[in-house]
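> Here is a sequence together with a model predicted from it:
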Amino acid sequence: MIRNFTRTLIALSFSMALAVVAPCQTRGDELTEKIDKLFANWNKADSPGCAIAIIKDGKIIYARGYGIANLEYNVPITKTTVFYIASTSKQFTAACIALLAQRNKLALDDPIRKYLPELSELYQPVTLRHLIHHTSGIRDFQTLLDIQGRTDDVNTEQDVIELLARQKQLNFKPGEQYEYSNSGYFLLGVIVKRVSGQSLREFAAENIFNPLGMKNTRFHDDRSLVVNNRASGYVPRRGGGYSLYTTNFDLVGNGGLMTTVEDLFLWDRNFYENNLGGGSDFVSQLMTGGTLSNGEKINYAYGLELGDYRGLSVTAHSGGFAGFVTEMLRFPGQRFTVICLSNVRGALDSTALAYRIADIYLAKEFKPQPPQSSPAPAPRAATTEATLFSLPPAKMTEYVGDYYSDELQVTYRVRLERDKLFVRFRHVINGELEPSSKDTFKLYGAIVVQFTRDGQNRINGFIPQNGGAKNIRFTKL
């Protein structure tokens with residue numbers, strides 16, 4: 001009897017919580033019924049889910065939560081639930097930099113070493129503008145931490161600065177390419193702190209969040225801080241159910257913002273009625289894409305990606321980390337925005353669902369698209385040298401050894417086991433090196449590992465090509 005009564009109370013509290021976030025339109029509305037069907041798989045009392053807000057002409061026309069914010073305590077998601085929004089945070093870091101530039105506290109074309117002198121001469125050509133538009137060439141610090149096996153460790157701001165200071169190469173010459181890098185926005189957050197004398201959390205609160213009334217928004221730079229109404233992050237569990245995702249990560253700038261769909265509505269409204277100073281010029285700046293050294297325009301603005309969807313202009317930014325996936329999708333010409341914040345990564349696609357919502361509400365706004373002819377069948381892939389390459393075990397022994405990177409201060413071990421080569425490092429790397437050509441191997445089928453030789457034709461190191469951190473050299477000990 002007690003167990004049944006408890007279940008009844010849980011079900012009742014869940015339904016009451018959903019009632020608290022009653023949408024701004026009636027339940028019988030055809031459009032909102034379609035939205036609810038989109039999220040039906042997440043409108044359950046035993047799974048994480050998401051909160052959405054749909055905004056038109058400066059008003060929330062539909063907002064509600066689906067699923068559970070905390071599975072351990074059966075706390076449902078509502079429109080006041082606080083989510084970690086990962087890289088969707090970048091637009092707020094960029095806005096802080098824009099405000100400081102507007103006040104002549106810094107210049108966007110200043111070299112970053114003016115504010116970060118501990119970085120080496122390697123970084124002298126890099127400007128703040130390069131950081132904003134991801135054209136700096138700086139290796140991604142989160143990728144570097146992954147290679148170090150330190151993603152889940154406690155990493156301080158100083159740890160990351162010292163890690164970047166040890167790097168001996170950039171991925172490319174600043175200004176020549178666009179390549180997304182979390183390092184740029186992390187460093188922008190540090191620069192805000194050094195120029196303003198306030199932490200990024202304090203400066204953003206005083207100059208953005210408080211003026212706009214965003215009472216439940218903050219840069220979360222202290223993992224021990226209690227956050228009211230905070231959702232927990234989850235990932236699907238093998239065999240069913242969900243695992244709680246815990247992390248020690250509390251660095252900000254590239255991510256780190258805690259917020260709600262209601263607060264993000266206030267931020268969205270400011271793009272049409274700016275109350276942060278600078279008038280329309282400030283908003284225009286935030287929505288201006290970068291330019292490469294050769295004059296080519298890129299579609300990354302101030303923490304916002306510029307694009308086109310079904311003939312309509314869009315500005316957007318997604319995020320994903322620590323069990324959270326988020327999307328904020330704006331159609332400026334239609335004054336229409338979709339916000340989708342989820343606390344389950346790897347199962348719910350916030351970006352895809354945000355566009356599905358736009359498909360429903362803007363169906364009559366989209367421009368006619370030219371008919372697409374059926375693509376010709378792809379030619380059958382030819383057999384390449386890589387697919388045929390094999391290496392006898394006797395030849396594999398010359399690759400065996402310990403390899404050290406002074407940039408990362410870690411040692412990887414290459415071992416021959418059961419006539420196969422394996423590379424191992426702590427709990428991070430434990431995979432087979434599969435030969436694809438002379439001195440070239442694949443790790444996990446994707447990472448290319450290129451071994452190098454000295455003047456006597458002896459193996460003396462290797463260079464892995466790993467996403468945002470290219471050409472890191474490991475020397476054979």
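Perfect, I can see it now. Numbers count the residues shown, from 1 in each chain.
> quick one: low-confidence ranges for the stretch 1-150 of the chain?
Regions of the stretch 1-150 of the chain meeting the criterion pLDDT under 70 cover residues 1-28.
> Now do the strands in it.
In the stretch 1-150 of the chain, the strands defined using DSSP state E, counting those that start in this stretch lie at 50-56, 59-66, 68-70, 75-76, 83-84.
> so which of those strands gets nearest Phe474?
strand 83-84 (33.5 Å; CB to CB). Where you see a C-beta, it was placed from the backbone N, CA and C, and this is true even at glycine.
> by contact count, what packs against the closest one?
With contacts taken as 3 or more CB pairs under 8 Å, 6 or more residues apart in numbering; DSSP states H and E, strand 83-84 sits against strand 257-259, strand 324-331.
> would you turn these into TSV with distance to Arg458 and mean pLDDT?
Listed next are the helices and strands packed on strand 83-84 as TSV, based on distance: least, CB to CB, whole Å; pLDDT from 0 to 100:
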stretch	distance to Arg458	mean pLDDT
strand 257-259	50	98
strand 324-331	47	98
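> will you turn these into JSON lines that also has mean neighbour count and distance to Ile35?
Shown next, in JSON lines, are the helices and strands packed on strand 83-84 (neighbours: other CB atoms under 10 Å; distance: least, CB to CB, whole Å):
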{"stretch": "strand 257-259", "mean neighbour count": "25", "distance to Ile35": "21"}
{"stretch": "strand 324-331", "mean neighbour count": "26", "distance to Ile35": "14"}
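> Can I get those strands in TSV including distance to Phe366?
TSV is the format used below for these (distance: least, CB to CB, whole Å):
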stretch	distance to Phe366
strand 257-259	29
strand 324-331	10
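> For stretch 307-322, buried residues please.
Buried residues in stretch 307-322, counted by 16 or more other CB atoms under 10 Å: Arg310, Leu312, Val314, Thr315, Ala316, His317, Ser318, Gly319, Gly320, Phe321, Ala322.
> With stretch 39-52 instead?
Within stretch 39-52, the residues that count as buried by 16+ other CB under 10 Å are Phe39, Trp42, Asn43, Ala45, Ser47, Pro48, Gly49, Cys50, Ala51, Ile52.
> Chain neighbours aside, what residue packs nearest to Asp308?
Excluding the flanking residues, the one nearest Asp308 by CB to CB, 6 or more residues apart in numbering is Val314, at 6.7 Å.
> what's next to the helix or strand that contains the one you found, contact-wise?
Assigned by DSSP states H and E, Val314 falls within strand 312-321. The contact list for strand 312-321 (CB atoms under 8 Å, 6 or more residues apart in numbering) reads 84-91, 247, 249, 255, 287, 301, 303-308, 325-334, 345, 350-351, 354, 362, 365-367.
> Tell me what angle that strand forms with strand 324-331.
170 degrees (axes from the mean of the first three to the mean of the last three CA atoms, to 10 degrees).
> What pairs with strand 312-321, parallel or antiparallel?
Here strand 312-321 is paired, per DSSP bridges, with strand 305-309 (antiparallel), strand 324-331 (antiparallel).
> Between those, which one is closest to Ile161.
Using CB to CB, the strands paired with strand 312-321 put strand 324-331 closest to Ile161, at 25.7 Å.
> Moving C-terminal from the closest one, which element do we reach first?
Heading C-terminal from strand 324-331, the first helix or strand you meet, by DSSP H and E, is strand 336-342.
> what mean pLDDT does the next helix or strand after that next one have?
Downstream of strand 336-342, the first helix or strand assigned by DSSP H and E is helix 350-361. Averaging pLDDT along helix 350-361 gives 97.
> which helices and strands does helix 350-361 pack with?
If you count contacts as 3+ CB pairs under 8 Å, 6+ apart, helix 350-361 packs onto helix 30-38, strand 50-56, strand 312-321, strand 324-331, strand 336-342.
> Please, where are all the helices along the stretch 51-200 of the chain?
For the stretch 51-200 of the chain, helices defined by DSSP state H, counting those that start in this stretch occupy the ranges 90-102, 128-132, 141-148, 157-165, 182-196, 200-204.
> List the residues that contact Asn274.
If you count contacts by CB under 8 Å, 6+ apart, Asn274 has them with Ser280, Phe282, Val283.
> Of these - the most surrounded one?
Within the contacts of Asn274, neighbour counts (other CB atoms under 10 Å) peak at Val283, which reaches 20 neighbours.
> Tally up the residues packed near the residue nearest to Phe141 when sequence neighbours are not counted, please.
Using CB to CB, 6+ apart and skipping the chain neighbours, the partner closest in space to Phe141 is Ser183 (4.5 Å). Applying other CB under 10 Å, we find 26 residues neighbouring Ser183.
> and if you look at Tyr73?
Count around Tyr73 with other CB under 10 Å applied: 8.
> now do Leu251
When neighbours are defined as other CB under 10 Å, Leu251 has 23 of them.
> Can I take it that it is in a strand?
No - going by DSSP: H, G, I helix; E, B strand; the rest coil, the assignment for Leu251 is coil, not a strand.
> who touches it in this structure?
Leu251 neighbours (CB under 8 Å, 6+ apart): Asn155, Glu157, Val160, Phe186, Asp221.
> if we go to 6 Å?
Neighbour list for Leu251: empty [criterion: CB atoms under 6 Å, 6 or more residues apart in numbering].
> Let's see the pLDDT reported for it.
94.
> List phi and psi for it.
phi -80, psi 150 (degrees, to the nearest 10).
> right, so of the helices and strands packed on strand 83-84, which gets closest to Glu296?
Of the helices and strands packed on strand 83-84, nearest to Glu296 by CB to CB is strand 324-331, at 24.3 Å.
> I'd like to know how many residues surround Pro125.
When neighbours are counted by other CB under 10 Å, Pro125 registers 16.
> Would you mind measuring from it to Ile138?
Pro125 sits 11 Å away from Ile138, going by CB to CB, to the nearest Å.
> So for stretch 120-128, what gets flagged as buried?
Buried-residue list, stretch 120-128, by 16+ other CB under 10 Å: Leu122, Tyr123, Pro125, Val126, Thr127, Leu128.
> next one: stretch 208-222
Buried residues in stretch 208-222 (16+ other CB under 10 Å): Ile208, Phe209, Leu212, Met214, Asn216, Thr217, Arg218, Phe219, His220, Asp221.
> how about the third one, what does it touch?
Contacts of Leu212 were listed using CB under 6 Å, 6+ apart, and they are Leu266, Asn270.
> ok, 8 Å please
Contacts of Leu212 by CB under 8 Å, 6+ apart are Leu266, Trp267, Asn270, Asn275, Leu276.
> Which of those residues fall within helices?
Leu266, Trp267, Asn270 (DSSP state H).
> tally of neighbours for Leu264?
Every residue meeting other CB under 10 Å relative to Leu264 is counted, giving 24.
> Quickly find the element holding it.
Going by DSSP H and E, Leu264 is in helix 261-270.
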